[in-house]
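Engineer: Fold the stuff below for me.
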Amino acid sequence: DDVLGWVYEYYNVKLLDDLRRKGDREGLDPEDVPPANQFYTPHWVVRMLTDNSLGKLYLEHTGELQEVVESQEAFSPEERKNRPLSPDESPDIADFCTYLVPSEEEGEPTDFEHPEELRVIDPACGSGHFLLYAFDVLERIWRAETDLSDEEIPRKILRHNLYGVDLDMRACQLAAFSLYLKGRTRAQVEGADGFDMPEVGIVCADAKVADVDGVDAVFDEVAGDDPKVEDALRRILDAFEEVHGLGSLLDVRGTLGDLFEDDSDTEGVQITLDDDPTADHTLGQVLHSLREAVEEHRDSDSFLAQDLRSFVRLLDILAQDYDVALMNPPYGSRNRMPDSVKEYIDEHYRYPAEFYVSFFEVCDGLVNTDGRIGMLVPRTFMFKARAEKFRSDFIGGEGSFDFLAEFGLGILDNATVRTAGTVVRSG
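Structural biologist: So this is what the prediction gives:
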């Protein structure tokens, strides 16, 4: 599934070496951030983190977690590694997620009643390794929880469950294409005659999305005669003029959330363009309506419409709530972080500017209470002085580690960093 991502990393090896030297000498520019942080995540790491986040969350939902963990204790390393891949041979999460480790105590899952409510995001998705494996886990959840035919499920997963953001346009295209191949292949194996690809939740947060010529005309069309609507739209765009180099670090909720109700206070009633977006509606609803308005009011094939659609899609995704966040974040510290990004993080985030710590904070804001955050990170967070407040918060009252394992060196090709696998239960 993930061979395209592996090939793409090695396509950029020479550029990565040059950027390392540049980062050590003079620091990186915003456009250097995507290629400087492309490291292929080994499949066993993807499995370990996904099994112990998404897999565990579902087993807590069904009440089977402890029983399943105990049943897997007798598995040999080879049995855990080489479990059957086909849903027909490993139809249950208990059969498929064989890298589960015991929790000190079983917790509460997030609140969901139907598989389409489960949302998984990778805020620095690259070519989509975590999302591709999450697809396999979700396919088994859909089979267990619904009466849909097996051939219908792949499209439902792509439509409802998987989201990703990245700065690299090529990586996003590879992620979307890989998910298309995955969905189409699974649907055809189950007997589908064709495959109607839905819009997938993959969006590129590159430099162009907030720098759109002609946006005034679009805002006029969308707002009509209502100055409050136009003001809200302008605030959305003005808040993110410095999108370049930030990606998922854009603080959508922190910047715009005070304009709208908290999503938990409403029952998800969709607004229309005739409504005042600052009154009795949620941020997520307003952004979703703006996205629909762009589709309705612009030629969908024009460059202007495509740029606006990408920008609004980015805001829409970063305003949603998720049950699981999975990622292998950028690792560059302050000396490899562009100045504009450092300044933004210092202004909008609680912890000192360090890519992986900042992305952890992003995930904690995106994930629901009792959701899971699975990340491969440098082990330095466990003892670095700059990370002391971060440690005290997430080992203390704001969350708890469900899984923590030091993996050491050699996990990421072309990277000289000692890594640790973490799964945190969000508080």
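
Engineer: Surely residue 245 touches residue 340?
Structural biologist: Yes. In this structure residue 245 lies within contact range of residue 340 using Cβ atoms under 8 Å: 6.2 Å. (Glycine included, C-beta is placed from N, CA and C.)

Engineer: Looking at the two, which is more packed in?
Structural biologist: Neighbour count, other Cβ atoms under 10 Å: between residue 245 and residue 340, residue 245 has more, with 23 against 14.

Engineer: Name the SS class of the more buried one, please.
Structural biologist: Residue 245 falls in the coil class when you classify it by DSSP: H, G, I helix; E, B strand; the rest coil.

Engineer: any idea of the pLDDT on it?
Structural biologist: Per-residue confidence for residue 245 comes out at a pLDDT of 76.

Engineer: Kindly report the same for residue 88.
Structural biologist: Here the pLDDT value assigned to residue 88 is 90.

Engineer: element containing it, please.
Structural biologist: Taking DSSP states H and E as the criterion, no element holds residue 88; it sits outside all helices and strands.

Engineer: Please work out how many residues are found near it.
Structural biologist: 10.

Engineer: Repeat that for the one 10 residues further on.
Structural biologist: Residue neighbour count, defined by other Cβ under 10 Å, stands at 20 for residue 98.

Engineer: The one 3 residues further on now?
Structural biologist: Residues lying near residue 101 (other Cβ under 10 Å) number 15.

Engineer: sec struct for it, please.
Structural biologist: coil.

Engineer: what's the answer for residue 41, then?
Structural biologist: When states are read from three-state DSSP, the local structure at residue 41 comes out as coil.

Engineer: who's in contact with it?
Structural biologist: Residue 41 is in contact with 126, 129-130, 328, 376, 412, counting by Cβ atoms under 8 Å, 6 or more residues apart in numbering.

Engineer: which helix is the longest one in this protein?
Structural biologist: Taking DSSP state H as the assignment, the helix of the chain that covers the most residues is helix 169-189.

Engineer: I'd like the next helix or strand past that helix.
Structural biologist: Downstream of helix 169-189 (by DSSP H and E), the next one is strand 201-204.

Engineer: and that following strand, which strands flank it?
Structural biologist: When pairs are called by DSSP bridges, strand 201-204 turns out to pair with strand 162-166 (parallel).

Engineer: Which positions within the partner strand qualify as buried?
Structural biologist: By 16 or more other Cβ atoms under 10 Å, the buried positions in strand 162-166 come out as 162-166.

Engineer: same check, this time on stretch 68-79
Structural biologist: Within stretch 68-79, the residues that qualify as buried by neighbour count (16+ other Cβ under 10 Å) are 68-69, 72.

Engineer: From the opening residue of it to its closing one, how far?
Structural biologist: End-to-end distance of stretch 68-79 (Cα to Cα, to the nearest Å): 15 Å.

Engineer: Pull the number of nearby residues for residue 356.
Structural biologist: Applying other Cβ under 10 Å, we find 23 other residues in the vicinity of residue 356.

Engineer: That one: what's it in contact with?
Structural biologist: With contacts defined as Cβ under 8 Å, 6+ apart, the neighbours of residue 356 are 329-331, 375, 377-378, 381.

Engineer: Let me see the residues that make contact with stretch 400-413.
Structural biologist: 9, 39-42, 45, 48-49, 52-53, 56, 101, 103, 107, 328, 372, 374, 376, 379, 394-395, 416-425, 427.

Engineer: how about a cut-off of 7 Å?
Structural biologist: Defining contact as Cβ atoms under 7 Å, 6 or more residues apart in numbering, one finds that stretch 400-413 is touched by 39-40, 42, 45, 52, 56, 101, 103, 372, 379, 395, 418-425.

Engineer: Filter these down to the ones in helices?
Structural biologist: Among the contacts of stretch 400-413, the members that lie in helices (by DSSP H) are 45, 56.

Engineer: Could you point out the longest strand of this structure?
Structural biologist: Taking DSSP state E as the criterion, the chain has its longest strand at strand 367-378.

Engineer: Quick check, residue 90 in contact with residue 83.
Structural biologist: Yes. Counting by Cβ atoms under 7 Å, a contact exists between residue 90 and residue 83, whose distance comes to 5.7 Å.

Engineer: Now do the shared contacts for those two.
Structural biologist: residue 96.

Engineer: ok, residue 153 touching residue 141?
Structural biologist: No. Because the distance of 9.5 Å does not satisfy Cβ under 7 Å, residue 153 is recorded as not touching residue 141.

Engineer: Give me the buried positions along the longest helix of the chain.
Structural biologist: Buried residues in helix 169-189, counted by 16+ other Cβ under 10 Å: 170-172, 174-176, 178-180, 182-184, 186-187.

Engineer: lowest confidence element among the helices and strands of this structure?
Structural biologist: Considering only helices and strands, the least confidently modelled element of the chain by mean pLDDT, DSSP states H and E is helix 33-36, at a mean of 56.

Engineer: returning to what we had before: from the contacts of residue 356, which one has the minimum pLDDT?
Structural biologist: residue 331 (72).
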